[in-house]
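>>> give me a 3D structure for the following:
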Amino acid sequence: MSTSTSTFSDDQPLIVGYVPDKSTERKEHPLAAIIRNASESKAHENEHLGAAWGAKKAIRKLEWFGDSEHERVVYALWFLTSDFIKFAQRVKDNRELKPTHTIRAFATGGGALRLQTEIKEMLGVELVIVEELQALTNGWRVDAESLADSEGPVAYPSLVCNVGTGVSLVSVGAAHGDYERVSGSGLGGATFWGLVQRLTQFTSFSEAVTAAELSGDPGQADTLVGDIYGVETSKAIGMPADLVAGFLGKLGEGKATDADVVAALLRMVTNNLGQLAVFQARLMGVNEVWFTGGFVQSASEAPDDNVGRIVRQAIARAVSFWSAGAIQTRFPPDALLLGALGAVATSLDSFSQAM
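Sure thing, here's the model as predicted:
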């Protein structure tokens, strides 16, 4: 079993991944059974857990991990991190829900580290932490290579840009375990969300991003070239009037709505992402960049991923702008599950023995 969390927003879910034991007919990992039983507990029938049981399921042939003869199924469950303590307390208070033996699980990410003690004390689950970039790159590799039949083989080296609290740019080679963090930035999802909370009245990530798309005009908060030179002079000097000259430069004028501010913040953060990604792609000589991470996947919107769509489109526009359309933006089909999938894949042999 593996877990992975995104930390820039409390709305992000805790991901639980597991592979059924193929030597038996058992279909559930012990922790999966605990979650299901807790969700169905009559003692708490009027108290709803914040996310659906069995909301996600990814099927992958893990041929890269030496299991080409069998199709291994990786199941992923999710529930909101903010509901985790409520769920864990429910299990702790109900003897019937507690496991009869310690369950060994595999996990990755800062959230897993943060909750490691609570998970062990309240659920009887001992977490074995998998290094985060290793889990990310292995999960990305399995997920991306699942597209080989429909979109052709993955080109190596590949550039993976993981955007969560901050940003990590990772070069992934063709060989198993061949990856290197080549660049990064502290201007990521936490920057966007922290500024949204400080500068606007929004308290929900999804509501803020949705409002930005529906009614936000970033030009009301950003200083544009046209604000400096005027529209006609901008044309004369060969610069678009709507090109950003200074992010948030007009914020002090007090004319921008909250939706305008969020739209400007989204443009600022994704513009920086696009610039970093394009420059690194050129250094590596690649023509595409894969984006992953909590900020990109906006997992709180599952199964309706409208917010994720808005963020991904903003990133794609930025990459296209900085590369003049020469570098493509790609997103793994199951970006939400990469941490869980990678931790399972990384620890597959040990995990199978622990089932």
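
>>> what kind of secondary structure is residue 208 in?
When the structure is reduced to helix, strand and coil (DSSP: H, G, I helix; E, B strand; the rest coil), residue 208 reads as helix.

>>> that one and residue 190, how far apart?
Between residue 208 and residue 190 the distance is 14 Å, computed by C-beta to C-beta, to the nearest Å. Using the backbone N, CA and C atoms, a C-beta is placed for each residue, glycine as well.

>>> more crowded one of these two?
When neighbours are counted by other C-beta atoms under 10 Å, residue 208 and residue 190 differ, and residue 208 comes out ahead with 25 against 17.

>>> state the pLDDT value of the more buried one.
Residue 208 is assigned 95 on the pLDDT scale.

>>> now the strands for the stretch 51-200 of the chain?
Ranges of strands within the stretch 51-200 of the chain are 56-59, 73-80, 103-108, 125-129, 158-163, 167-172, 179-185, based on DSSP state E, counting those that start in this stretch.

>>> okay, residue 179: pLDDT?
The predicted local distance difference test score for residue 179 is 94.

>>> ok, now which ones touch it?
For residue 179, the residues meeting the contact criterion (C-beta atoms under 8 Å, 6 or more residues apart in numbering) are 133, 134, 137, 170, 171, 172, 173.

>>> which one of those residues has the most neighbours?
residue 137 (28 neighbours).

>>> measure residue 240 to residue 266 for me?
Separation of residue 240 from residue 266 (C-beta to C-beta): 19 Å.

>>> neighbour-wise, which of these two wins?
The neighbour comparison of residue 240 against residue 266 (other C-beta under 10 Å) goes to residue 266, with 22 against 12.

>>> which helices and strands sit right next to the helix or strand containing that one?
In this structure, residue 266 is located in helix 258-284 according to DSSP states H and E. For helix 258-284, the helices and strands in contact under the criterion 3 or more C-beta pairs under 8 Å, 6 or more residues apart in numbering; DSSP states H and E are strand 158-163, strand 167-172, strand 179-185, helix 189-199, helix 205-215, strand 288-292, helix 306-323.

>>> any chance of the ones you listed in a markdown table, plus distance to residue 143?
Rendered in a markdown table, the data for the helices and strands packed on helix 258-284 read as follows (distance: least, C-beta to C-beta, whole Å):
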| stretch | distance to residue 143 |
| --- | --- |
| strand 158-163 | 11 |
| strand 167-172 | 12 |
| strand 179-185 | 15 |
| helix 189-199 | 20 |
| helix 205-215 | 24 |
| strand 288-292 | 9 |
| helix 306-323 | 15 |
